[in-house]
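Enquirer: Generate coordinates for the sequence data below:
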Amino acid sequence: MADQIRKVDYFYIEVPDKPGEGIRVLGALKEAGINLLNVTAFPTSGGKTQIDLVTQDADALTRAAKTAGLTLSARKQAFFVQGQNRAGAAAEVLRKLSDAGVNVRAANGSAGQGGFGMILWVAPSDFAAAARALGV
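Expert: Reported below is the predicted structural model:
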């Protein structure tokens with residue numbers, strides 16, 4: 001099975017860096033029936049945590065966040081990769097970007113039950129070149 005690479009919209013939300021904030025956000029999205037493809041959370045400055053949210057239906061996510069009183073960032077773009085887990089799967093994707101001179105600003109991936117998934121962030125100015133290099 002060939003890797004599937006697609007452009008995805010994502011949003012982030014900033015919350016206080018304290019217990020319970022993740023469940024407050026993710027619980028509200030669960031109640032709204034939002035299926036997330038990827039969640040990445042990390043501490044930022046000033047006692048805050050950034051939670052990146054990737055879903056197949058960005059408009060539904062926007063509506064659900066508004067209903068829940070959550071403040072989302074502006075819509076941003078990244079690349080979402082899914083494929084058969086194998087040695088070097090992530091390296092193959094990163095090689096395409098490297099060969100095209102595109103710097104990956106961040107990446108997050110995982111594998112299980114025979115498959116892997118990875119999200120890649122590039123600078124907005126590199127997005128078109130990255131899309132060409134990845135064939136999307």
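Enquirer: Tell me which residues of the longest strand seen in the chain come out buried.
Expert: Selection of the longest strand in the chain by residue count, based on DSSP state E, yields strand 4-16. Neighbour-count burial for strand 4-16 flags 5, 8-13, 15 (criterion: 16 or more other C-beta atoms under 10 Å). Yep, even glycine has a C-beta here, placed from its N, CA and C like the rest.
Enquirer: Now the two most distant members of those residues.
Expert: Ile5 and Val15 (29.9 Å; C-beta to C-beta).
Enquirer: wouldn't Ile51 be in contact with Ile23 here?
Expert: No. Ile51 is beyond contact range of Ile23, at 11.2 Å (criterion: C-beta atoms under 8 Å).
Enquirer: And those two? Which one has more around it.
Expert: The neighbour comparison of Ile51 against Ile23 (other C-beta atoms under 10 Å) goes to Ile51, with 19 against 10.
Enquirer: Nearest residue to the more buried one in space, please, no chain neighbours.
Expert: Closest residue to Ile51 apart from its sequence neighbours, by C-beta to C-beta, 6 or more residues apart in numbering: Ala41 at 4.5 Å.
Enquirer: Confirm that that neighbour sits in a strand.
Expert: Yes. When DSSP: H, G, I helix; E, B strand; the rest coil is applied, Ala41 is found to be in a strand.
Enquirer: Would you enumerate the residues in contact with it?
Expert: 22, 49-52 (C-beta atoms under 8 Å, 6 or more residues apart in numbering).
Enquirer: Out of these, which is nearest to Gly69?
Expert: When these are compared against Gly69 (criterion: C-beta to C-beta), the nearest one is Ile51, at 14.9 Å.
Enquirer: contacts for stretch 9-28?
Expert: Stretch 9-28 is contacted from outside by 36, 38-39, 41, 43-44, 47-54, 58, 61-62, 64-65, 68, 70-78, 119, using C-beta under 8 Å, 6+ apart.
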